[in-house]
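S.K.: Next come a sequence and a model predicted from it.
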Amino acid sequence: MRNFNFARVQMEKPQSFRWGYAIFVLFLLSILGFIAVGILSLFVGIDVESLSGNVALIQIEGVIVGAEDSEFLFESVTNSQEAVELIEKADANPSIKAIILGINSPGGSAVASEEIASAVRKTNKTTVAWVREIGTSGAYWVASAADHIIANRVSITGSIGVIASYLEFPGLLERYNVSYRRLVSGKYKDIGSPFKEMTEEEREIFQQNLDSIRDYFVSEVAKNRNLNKKDVDKIANGLFYLGAQAKELGLIDEIGGKDEVVAYIEKKEGIKADVVEYKKEKTLLEILSKVLSRQSFFVGKGIGTSLFDRKDVSTVSITT
C-alpha cells in the first residue's frame, strides 16, 4: 500500500507542476499583450478633421469638469479642455456648416462650464443645443450660448442658482476626545474646515461669494438668451423646469429631438445635413494613467453640480 501511494504522489507532482506552469505562461502573455496594446494605442486614434460630414455633433455628457479625475473612471464626464478643442476644430473645418451640442448633463464646474460656453459663443458656425434628458446648471449655461436650443418636452433644464455645502463635525470630535489645533498663517486660511464651527463672519463671506457667482450666472444667461436680466433673476431660484415649462419661460426655443435639430439646421443653412460625431478617442495609456493617478480636483454629482474641494484646508462644495 505504501508503494502504491508513493507512486500516485509521484504521478501527481508533474501534473500539478504543468498546470502551474501553464497558468504562469498565460499570465505573462496577458501582461505582455496588455503592454503591447498600450504602446500601439499611442499611435492609433481618429483625426476628426479627416471625417466626412457637414454637421459636427459634440456630446456634453455627465459631470462637466476642468480636468480628468479617477473618481469618475466608470462614469461619463465632459472635460472642458477636450470639449473646447473639439469645438475649435469643428469651427476651423470649412466643411462643417453647423455644430450640434448633444447635452445630457447635470452641470459641473462653473469655470469649466464657462470655458465651453465661451468657445460656443466664439464660433462662426450655426450652433444648436439639443437637450435630451437633462441640461441643468452648468450644462444649461453651455446650452444658453448656442444660437438655438431644442429640448424634449419632459427633459429637465434650468436649475440656475448656486449652493455651498460642507460637513461640519466638531461635536463628533469632542465626543471622542479629539482636539482640533488651529495653526494658520492668515485669518481665513482654514475657512470652511469641517473640524470647527463656521463663524458668522465666515458665513457672510461665503454668502457674498455665492451671490456674486449667481449674479454672473444670471447675467450670462440673460445675455446669451437675449432676455431681461430681471426676468431671468425671477426664475433663477435653483428650480429645474421641464422642457415645456422652459419654452414658456424663454429658456429654450423649441420642443423636439434630433429630427427637429436637423430640420432647423437644414432650413437655416440650406443644406442636406450629414451629421458626424466629433469626439476624442481615449487611448489605453490614458485610461491606465487615469486609474493610477488621482488628481486633486474633485467634482461631485447632482443637479447642477460644481464642487470646489480644497483638500488642504476645507471640504466646502460650491454648486451651481
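M.R.: Good, I have the coordinates. Numbers count the residues shown, from 1 in each chain.
S.K.: make it CA atoms for all contacts and neighbour counts henceforth
M.R.: Noted.
S.K.: for the stretch 101-250 of the chain, what spans make up the helices?
M.R.: Along the stretch 101-250 of the chain, counting by DSSP state H, counting those that start in this stretch, helices occupy 110-122, 138-144, 170-175, 200-225, 229-235, 243-249.
S.K.: Out of those, which is the most enclosed?
M.R.: When you average the neighbours per residue for each of the helices of the stretch 101-250 of the chain (mean count of other C-alpha atoms under 10 Å), helix 138-144 leads with a mean of 31.
S.K.: now it: mean pLDDT?
M.R.: For helix 138-144, mean pLDDT is 95.
S.K.: Could you list the alpha-carbon positions for it in PDB?
M.R.: Output of helix 138-144 as PDB, limited to C-alpha atoms (Å, rounded to 0.1, in the frame of the first residue of the first chain):
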ATOM      1  CA  GLY A 138     -23.600  74.500 -15.900                       C
ATOM      2  CA  ALA A 139     -24.900  72.400 -18.800                       C
ATOM      3  CA  TYR A 140     -27.700  74.900 -19.300                       C
ATOM      4  CA  TRP A 141     -25.000  77.600 -19.200                       C
ATOM      5  CA  VAL A 142     -23.400  75.900 -22.100                       C
ATOM      6  CA  ALA A 143     -26.700  75.500 -23.900                       C
ATOM      7  CA  SER A 144     -27.600  79.100 -23.500                       C
END
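S.K.: What helices and strands are in contact with that helix?
M.R.: Secondary-structure packing of helix 138-144 (3 or more C-alpha pairs under 8 Å, 6 or more residues apart in numbering; DSSP states H and E): strand 98-105, helix 110-122, strand 126-136, helix 200-225.
S.K.: Nearest to Glu82, out of those?
M.R.: helix 110-122 (9.4 Å; C-alpha to C-alpha).
S.K.: Can you pull out the residues in contact with that closest one?
M.R.: Here helix 110-122 makes contact (C-alpha atoms under 8 Å, 6 or more residues apart in numbering) with 64-66, 79-81, 83-84, 87-88, 107, 127, 138-139, 141-146, 306, 320.
S.K.: just the angle between it and strand 98-105, please?
M.R.: Orientation of helix 110-122 against strand 98-105 (axes from the mean of the first three to the mean of the last three C-alpha atoms, to 10 degrees) gives an angle of 160 degrees.
S.K.: let's have the chain start at 11 instead
M.R.: Got it, the first residue is 11 from now on, which makes the last one we talked about helix 120-132.
S.K.: average pLDDT across helix 120-132?
M.R.: For helix 120-132, the mean confidence score works out to 93.
S.K.: Taking helix 210-235 as reference, get the angle to it.
M.R.: Counting by the same axes, to 10 degrees, helix 120-132 lies at 20 degrees to helix 210-235.
S.K.: Return the helix or strand in the protein with minimum mean pLDDT.
M.R.: Lowest on mean pLDDT, DSSP states H and E among the helices and strands of the chain sits helix 294-302, with a mean of 50.
S.K.: if we can go back for a sec, select only the buried ones of the contacts of helix 120-132 in ChimeraX?
M.R.: The following ChimeraX line selects those of the contacts of helix 120-132 that are buried, judged by 16 or more other C-alpha atoms under 10 Å:
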select :74,75,76,89,90,93,94,97,98,117,137,148,149,151,152,153,154,155,156,316,330
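S.K.: Need the distance between the two termini of stretch 261-281.
M.R.: With C-alpha to C-alpha, to the nearest Å applied, stretch 261-281 spans 27 Å between its terminal residues.
S.K.: how much space between Ser86 and Glu71?
M.R.: The gap separating Ser86 from Glu71 is 6 Å, by C-alpha to C-alpha.
S.K.: low pLDDT regions in the protein?
M.R.: 11-37, 40-61, 78-85, 172-186, 188-194, 202, 205, 291-330 (pLDDT under 70).
S.K.: Between the helices and strands packed on helix 148-154, which one is closest to Ile160.
M.R.: Closest approach to Ile160 among the helices and strands packed on helix 148-154 is made by strand 136-146 (5.0 Å; C-alpha to C-alpha).
S.K.: could I get the closest one in CSV with only the CA atoms?
M.R.: In CSV, the C-alpha atoms belonging to strand 136-146 read as follows (Å, rounded to 0.1, in the frame of the first residue of the first chain):
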residue,chain,number,x,y,z
THR,A,136,-24.6,77.8,-36.6
THR,A,137,-24.8,76.2,-33.1
VAL,A,138,-27.7,74.2,-31.8
ALA,A,139,-28.0,72.8,-28.3
TRP,A,140,-30.0,69.6,-28.1
VAL,A,141,-31.1,68.8,-24.6
ARG,A,142,-32.1,65.2,-24.4
GLU,A,143,-32.8,64.1,-20.7
ILE,A,144,-31.1,66.7,-18.6
GLY,A,145,-29.4,70.0,-19.2
THR,A,146,-29.2,71.9,-15.9
